[in-house]
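Engineer: With the sequence up front, the predicted model follows.
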There are 2 protein chains.
Amino acid sequence: MAKEKKLVEQITAMDQDFAQWYTDVVIRADLIAYSNIRGCMVIRPRGYALWENIQRELDRRFKETGVENVYLPMLIPEHLLQMEKDHVEGFAPEVAWVTMGGEEELTERLCIRPTSETLFCDHVKDIVHSYRDLPVVYNQWCSVLRWEKTTRPFLRSAEFLWQEGHTFHATPEEAEERTIQMLNVYADFCEEILAIPLVKGKKTDKEKFAGAEATYTIEALMHDGKALQSGTSHNFGSGFADAYGIQYTNKDNKLSSVYETSWGLSTRIIGAIIMVHGDDSGLVLPPRIAPVQSMIIPIQQKKAGVLDKAYELRDMLKDRFAVKVDATDKSPGWKFAEQEIQGIPTRIEIGPKDMEKNQAVIVRRDTREKIITPINELPETLDRVLEEMQKDMYDRAKAHLTANTRVAGSWEEFQDILNTKQGFIRAMWCGDQECEEAIKEETGATTRCMPFKQTKHGDVCVHCGKPAKAEVYFGKAY
Amino acid sequence: MAKEKKLVEQITAMDQDFAQWYTDVVIRADLIAYSNIRGCMVIRPRGYALWENIQRELDRRFKETGVENVYLPMLIPEHLLQMEKDHVEGFAPEVAWVTMGGEEELTERLCIRPTSETLFCDHVKDIVHSYRDLPVVYNQWCSVLRWEKTTRPFLRSAEFLWQEGHTFHATPEEAEERTIQMLNVYADFCEEILAIPLVKGKKTDKEKFAGAEATYTIEALMHDGKALQSGTSHNFGSGFADAYGIQYTNKDNKLSSVYETSWGLSTRIIGAIIMVHGDDSGLVLPPRIAPVQSMIIPIQQKKAGVLDKAYELRDMLKDRFAVKVDATDKSPGWKFAEQEIQGIPTRIEIGPKDMEKNQAVIVRRDTREKIITPINELPETLDRVLEEMQKDMYDRAKAHLTANTRVAGSWEEFQDILNTKQGFIRAMWCGDQECEEAIKEETGATTRCMPFKQTKHGDVCVHCGKPAKAEVYFGKAY
């Protein structure tokens, strides 16, 4: 057992050092490897398989709403980036610049896309002329690059993978509707598939996307009480489109403005899965997103018939579930620890004694609960166990969110919660950006969002005491 | 009908100007749009949907052979690119260099990956130590960038999408086996799904990949008689791995070399689909890769029940086929022309007269053949028509390949074929690189490959008369 013990010991306990626990998990679960390129990570097979499942499920949901996928260039000429003032101010300091092509110096610098609003506008200008050409509802799956100073796997890296949707509409109402629609696609996906409960709301002006009129967000709460912005959807009004010269002829034959949205979700969400569901033994993956849903682990596999039986169970299950047999020459204990570190939702133990009784043992990753099932009922039992686990994981995360969301009626309460408990703080706010900045400076907490469902906790701002304009979720964030 | 006529007239006839025909088709079929970024294109929804189907099918075939997907950084530090001599000489002149990150000048230039052998080696060095860690069988789907001087949509662009497989093995035999295996995956995919017949063989030393020991290729013949290299698979031996310090401890506890392969297929293959199957009316897509396999076009759609019937047919077909209804307010003639330009394999015409007879009319895109079918047999008929079309497309392309592959027994014959007929020329070659270069200089034809199935056409080189070493396929190429 020495080896197994060591394996688990490599993961720092969450309560001891959450940041180190996180790093240990991403490395020990083989999700990523560090690269020799500043701020860039290698996404390893187990990490990428997770992203593939996220892509497949989100892409399906996008397409159901009429989204079409496209691919635009990865480079943006400097003049194009500069056409929308707020946008260039927001992004120029954090882009990488290409200045040489082959052996020649370029006459104009090109940046590697940090996001592609500018390119989409430049393209849509060419393809939208009449009301018949609208709406344009595009998305692309790609990598983007932001020259971040400090980086952490999945949460913040120079290069990351994401999808960015860009849509163009004839009216501001339609654009607003699409902005909210896509935020809801994200929220439903996170809640139904990733078992991550959310707070949905609007960003303050300070926190909104560079160049947007409004940014909506889904905010999740991690195990350590910090918030993670998990997906955003932006309404640009006609600002970008006007700056890039996009216009269309409406039904009355008049030139009209075009209204734009964009929305993105990235590999960052993998960080959320880890930090919402993980435990001291490693990753815990929700069954609906897990690349492997069950690992069949033979016990005493050298005994006649055991390995055959393990493969028989696999064949019985493989059409309905993502299932594998661990037939390596390691001990069962080592295999259990490995399956747990990887966060595979269930393992199925099958040994000579089980075979005698014509049964198998399902063990849940989250609760370690053992479920003994007759082999002929294995598919139904596994299905039920996975569904229950999915639901329980959501419920636990929801309970954690609820327990760690507190109302602060006064500035003392606000500080006390932050100092002793973390989590989300719901409080009234005056709407003043200076006050928002002061709160951040004094406490490190930022406005996460103004929730769609507003509750009135008082009449005055929790910080400055001026009349309150909105309820805000505050929190320290990744 | 004036409008319909004009629509078709926008496509230049193939025999008049093939290059212009190609450009007309990619633009008119809405596969791409030009961008304002040097050498980069916008892949529009219809082009990208094609790529998604290619990805899905290839990815499935890769995974069946044990391939795992990963994602590595898009940037390569200059020193890393330089570690393998031939490789840096081959690629350094055609890469884009990042020299600025945010506002700071970088101490070391980073190039945007033109291909990722260097990065994979750098990563694998960290994860392979023992024979237990081998083989490593990785692939990534990504975009790469090569600073090309002249560009053409899909065929040659600065940035393009592709997959690049990188594998690492304990023995040279295993590496060679994987190299050939993946070439065969490409070949089977092209022949079975894209209906493109191929010549498979080995590249000469002059034409092989920078740094490879051997490059294998699939070569397709376009409608105009030019060749298109459609996919390549490289065996690096231990050259790269040695240069990057990858070693493993074998079962006898001795340090051993690691043997590496790589293989890639790109959006270039879309150019092959267009140029092998297209005709003067536009694109013709093989049914097995077409994003839309049948367009249902209502005739006299304003008459009661016609549009309902069209949707009824769609609902009848949609679980088995990719099928759409064109319910726009355009004329049927316009819709026919549009469906033909887009290369949708079949259209289904349904009008009041058909409804009276309880029938529908299927029209094949390639032959324009009309197949009248009782509506209750529509799914089976459509299935048969699509399968026949797929087979006929392959057979026609194969007949074109056969008819345009000629043996040249003498240098006069060689020149005569090139001047009057184009196509592939099979001829004997001395194996001398200078002779190969002289042939290219004198005729513009290059060695496409030394086919796996060698046929002896004579004893001497077709060009220099020295003793022949191999049969070679020559041709002018894209």
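Structural biologist: Yep, that arrived. Numbering: from 1, shown residues only, chains lettered A, B, ... in the order given.

Engineer: center of chain A, which residue is that?
Structural biologist: Per CA atoms, centre = their mean, the C-alpha nearest to the average position across chain A is that of A:I269, at 1.8 Å.

Engineer: Tell me the secondary structure at that residue.
Structural biologist: Under DSSP: H, G, I helix; E, B strand; the rest coil, A:I269 falls in the helix class.

Engineer: Need the pLDDT of the nearest residue to it once chain neighbours are set aside.
Structural biologist: Of all residues not flanking A:I269 in the chain, A:S230 sits nearest, at 5.7 Å (CB to CB, 6 or more residues apart in numbering or on different chains). All C-beta spots, glycine's among them, are computed from the backbone N, C-alpha and C. A:S230 is assigned a predicted lDDT (pLDDT) of 97.

Engineer: Okay, A:S230 and A:T267: tell me how far apart.
Structural biologist: From A:S230 across to A:T267, the span is 11 Å (CB to CB, to the nearest Å).

Engineer: And for A:F336?
Structural biologist: For A:F336, the distance to A:T267 - CB to CB - is 29 Å.

Engineer: Please apply the same query to A:Y34.
Structural biologist: Counting by CB to CB, the gap from A:Y34 to A:T267 is 15 Å.

Engineer: the more surrounded of those two?
Structural biologist: Remark: of A:Y34 and A:T267, A:T267 carries more neighbours, 25 against 14, as counted by other CB atoms under 10 Å in any protein chain shown.

Engineer: Report the contact partners of the closest residue to the more buried one other than its chain neighbours.
Structural biologist: Spatial nearest neighbour of A:T267, chain neighbours left out: A:L161 (4.7 Å); criterion: CB to CB, 6+ apart. By CB atoms under 8 Å, 6 or more residues apart in numbering or on different chains, the contact list for A:L161 reads A:I43, A:W51, A:W141, A:C142, A:S143, A:S266, A:T267, B:Y71.

Engineer: Same check on A:A96?
Structural biologist: A:C111, A:I112, A:L145, A:W147, A:A158, B:L75, B:V98, B:M100, B:G101, B:G102, B:L110 are the contacts of A:A96 under CB under 8 Å, 6+ apart.

Engineer: circling back to that earlier point, which of the three states applies to the residue nearest to A:I269?
Structural biologist: Under the three-state scheme (three-state DSSP), A:S230 adopts strand.

Engineer: what about it, how many neighbours?
Structural biologist: Neighbours of A:S230 (other CB under 10 Å): 24.

Engineer: tally of neighbours for A:K453?
Structural biologist: So A:K453, with other CB under 10 Å, has 8 neighbours.

Engineer: quick one on the thing from earlier: redo the contacts of A:L161 as a markdown table? Include distance to B:A290 and secondary structure.
Structural biologist: A markdown table is the format used below for the contacts of A:L161 (distance: CB to CB, whole Å; DSSP: H, G, I helix; E, B strand; the rest coil):
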| residue | distance to B:A290 | secondary structure |
| --- | --- | --- |
| A:I43 | 32 | strand |
| A:W51 | 28 | helix |
| A:W141 | 21 | strand |
| A:C142 | 25 | strand |
| A:S143 | 29 | strand |
| A:S266 | 32 | strand |
| A:T267 | 32 | coil |
| B:Y71 | 29 | strand |
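
Engineer: Where is the longest helix in chain A?
Structural biologist: helix A:378-403 (DSSP state H).

Engineer: In the sheet, which strands lie alongside whichever helix or strand comes after that one, parallel or antiparallel?
Structural biologist: Next helix or strand after helix A:378-403 toward the C-terminus (DSSP states H and E): strand A:405-407. The strands that strand A:405-407 pairs with in its sheet are strand A:424-429 (parallel) (by DSSP bridges).

Engineer: For the partner strand, what is the distance to the chain centroid?
Structural biologist: 24 Å (CA atoms, centre = their mean, to the nearest Å).

Engineer: can you check stretch A:287-305 too?
Structural biologist: Worked out by CA atoms, centre = their mean, stretch A:287-305 lies 28 Å from the chain centre.

Engineer: Can you point out the buried residues in that stretch?
Structural biologist: A:287-299, A:301 (16 or more other CB atoms under 10 Å in any protein chain shown).

Engineer: likewise stretch A:103-111?
Structural biologist: A:L106, A:R109, A:L110, A:C111.

Engineer: per-residue confidence averaged over it?
Structural biologist: Confidence over stretch A:103-111 (mean pLDDT, whole number) is 94.

Engineer: any residue of that stretch up close to chain B?
Structural biologist: Yes - counting by CB under 8 Å from any CB of the partner chain, chain B has neighbours in stretch A:103-111: A:E103, A:R109, A:L110.

Engineer: cool, and stretch A:125-139?
Structural biologist: Yes - using CB under 8 Å from any CB, stretch A:125-139 comes into contact with chain B via A:D126, A:I127, A:Y138.

Engineer: For ChimeraX, what selects the buried ones among the residues you listed?
Structural biologist: The buried subset of those, as determined by 16+ other CB under 10 Å, is captured in ChimeraX by this line:
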select /A:138
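
Engineer: Make JSON lines from the residues of stretch A:125-139 next to chain B and add pLDDT and secondary structure to it.
Structural biologist: Below are the residues of stretch A:125-139 next to chain B laid out as JSON lines (pLDDT from 0 to 100; DSSP: H, G, I helix; E, B strand; the rest coil):
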{"residue": "A:D126", "pLDDT": "96", "secondary structure": "helix"}
{"residue": "A:I127", "pLDDT": "96", "secondary structure": "helix"}
{"residue": "A:Y138", "pLDDT": "98", "secondary structure": "strand"}
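
Engineer: Between the residues of stretch A:125-139 next to chain B, which sits nearest A:G282?
Structural biologist: Comparing these against A:G282 with CB to CB picks out A:Y138 as the nearest, at 38.1 Å.

Engineer: Report the beta-bridge partner residues of the closest one.
Structural biologist: A:E68, A:H166.

Engineer: Is it in contact with A:T167, as I believe?
Structural biologist: Yes - using CB atoms under 8 Å as the test, A:Y138 is close enough to A:T167 to be in contact (6.7 Å).

Engineer: Tell me how far A:K353 lies from A:Q300.
Structural biologist: As for A:K353, its distance to A:Q300 is 9 Å (criterion: CB to CB).

Engineer: Of all residues in the stretch 351-478 of chain A, which one is closest to chain B?
Structural biologist: Nearest residue of the stretch 351-478 of chain A to chain B, counting by CB to the nearest CB: A:Y478, 21.0 Å away.
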